[in-house]
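Enquirer: No sequence on hand, only this structure:
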C-alpha cells in the first residue's frame, strides 16, 4: 500500500472554493508535459458535485478533452447549474487555463429509486488480484527506460490479468482485463469514490486500442491523447477495494480508436461502464 500517495490524490481532488460556482484545482509537482486527463475529469466531477444536494449521486458524465492541460498553473472549474429537477440534477463544468477552455464535462445526478435490474455477467475464472504482479514487479525489466515514471509514488494499484509486454511486436486480441483500486484507504464519502474512479478510468483504457496493431508507445511512433470520455454509474462500489476493469476496443479508424470498459466489484456487480475515444495517430519518420 502507498497510503501517502492516496492521501495526496484525495488532496488533489479537494478543490479550492473561489466564488459561487467557481473552483480551483492544482496539479501534482511531478515532471510531466501535460495534465493527466483523469485528473481533469476527477476534479471537474468534484466541482459539479459540490453544487448538488448530498441525497443525489452521479449516474452519468460526458466529457471532451479540448486542449492539453498545463501542469505548471492552476485549473479553474466553472460550474453551470443547468437543471434541478425532482429526480435529476444536471451540471456543466468548463475547465479553464490561460483564458481558454481545456475540458468540458456534463454530469447528471439522480436520487436513489427502485426499478428493473439486469447486468452483464462478470468474466469467470480470473486470478485473484493479490496473486498478480504489482506495478513495480511488472515494470522492473523496463525501469531504466522509464526514469522517474517508474519510481514516482502511485496512488492507484493496477494488476494486469492479460499482461502484454510493452515492447511486443505481434498483434493481440482486442481486449484485456486489469484489476484496479486505490493503493490505500479512502474516506467513506461515496462521491469521493466516484471521483477517484473517474480519475483512474483514464488509465490503461486507450492503450487497449493499440492491442490489435502489434506495437505500443515504447516501440513505435504514435501520438495518443484522450478525445472524449463517458461514464455511467450503475451500482455502489468502493474505489479502495478491487475492481475488475474489463476493456475492449470495437474499432479504430481515421487516426482514432474507440475503447470500452466495465468495472465489476469482486462480488460480481457491474458498477460502472466507460466509453472513450482517443487519438492514436501514427507518426511518420
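Expert: Great, that's in hand. Keep in mind the model is a prediction, meaning the values are calculated, not measured. Numbering: from 1, shown residues only.
Enquirer: From here on, just use CA atoms for contacts and neighbour counts.
Expert: Noted.
Enquirer: quick one: secondary structure of residue 173?
Expert: The three-state label given to residue 173 by DSSP: H, G, I helix; E, B strand; the rest coil is coil.
Enquirer: Go ahead and flag the most central residue of the chain.
Expert: Nearest residue to the geometric centre of the chain (CA atoms, centre = their mean): residue 201, 2.3 Å.
Enquirer: need the helices for the stretch 1-150 of the chain, in chain order.
Expert: Ranges of helices within the stretch 1-150 of the chain are 3-12, 37-49, 135-139, 143-146, 148-151, based on DSSP state H, counting those that start in this stretch.
Enquirer: Also the stretch 151-285 of the chain?
Expert: 190-200.
Enquirer: can you map out the strands along it?
Expert: With DSSP state E, counting those that start in this stretch, the ranges of strands along the stretch 151-285 of the chain come out as 156-160, 175-182, 222-233, 243-253, 256-265, 270-282.
Enquirer: Let me know which of those is the nearest to residue 116.
Expert: Residue 116 lies closest, by CA to CA, to one member of the strands of the stretch 151-285 of the chain: strand 270-282, at 14.4 Å.
Enquirer: Show me which residues of that closest one are buried.
Expert: Buried residues in strand 270-282, defined by neighbour count with 16 or more other CA atoms under 10 Å: 270, 271, 272, 273, 274, 275, 276, 277, 278, 279, 280, 281.
Enquirer: Can you give me every residue that contacts the fourth one?
Expert: Residues in contact with residue 273, defined by CA atoms under 8 Å, 6 or more residues apart in numbering, are 231, 232, 233, 234, 260, 261, 262, 263.
Enquirer: One more pass at 7 Å, please.
Expert: By CA atoms under 7 Å, 6 or more residues apart in numbering, residue 273 lies in contact with 231, 232, 233, 261, 262, 263.
Enquirer: can you pull up the bridge partners for it?
Expert: Under DSSP bridges, the beta-bridge partners of residue 273 are residue 232, residue 262.
Enquirer: separation between it and residue 259?
Expert: From residue 273 across to residue 259, the span is 11 Å (CA to CA, to the nearest Å).
Enquirer: ok, now the third one?
Expert: When CA to CA is applied, the distance between residue 272 and residue 259 equals 14 Å.
Enquirer: Quick check, residue 160 in contact with residue 179.
Expert: Yes - with contacts counted by CA atoms under 7 Å, residue 160 reaches residue 179, the gap being 6.3 Å.
Enquirer: Looking at those two now, which is surrounded by more residues?
Expert: The residue with more neighbours, out of residue 160 and residue 179, is residue 179; 24 against 21, by other CA atoms under 10 Å.
Enquirer: so who does the more buried one touch?
Expert: Contact analysis of residue 179 by CA under 7 Å, 6+ apart lists 129, 158, 159, 160, 242, 243, 244, 245.
Enquirer: Which of these sits closest to residue 213?
Expert: Residue 213 has its nearest neighbour among the contacts of residue 179 in residue 160, at 19.3 Å by CA to CA.
Enquirer: Starting from residue 135, give me the distance back to that closest one.
Expert: Look at residue 160 and residue 135: by CA to CA, they are 9 Å apart.
Enquirer: Residue 15 now?
Expert: 29 Å.
Enquirer: Which residue of the two possesses the greater neighbour count?
Expert: Between residue 15 and residue 135, residue 15 has the larger neighbour count (other CA under 10 Å), namely 21 against 15.
Enquirer: Spatially nearest residue to that one (excluding sequence neighbours)?
Expert: For residue 15, ignoring the flanking residues on the chain, the nearest one in space by CA to CA, 6 or more residues apart in numbering is residue 25 at 5.1 Å.
Enquirer: What residues are bridge-paired with that neighbour?
Expert: Applying DSSP bridges, one finds that residue 25 bridges with residue 75.
Enquirer: can you tell me how far it sits from residue 9?
Expert: Distance of residue 25 to residue 9, given as CA to CA: 12 Å.
Enquirer: wait, what's in contact with the residue nearest to residue 282 when sequence neighbours are not counted?
Expert: With sequence-adjacent residues excluded and distances taken as CA to CA, 6+ apart, residue 282 is closest to residue 222, at 4.5 Å. Taking CA under 7 Å, 6+ apart as the criterion, residue 222 is in contact with 280, 281, 282, 283.
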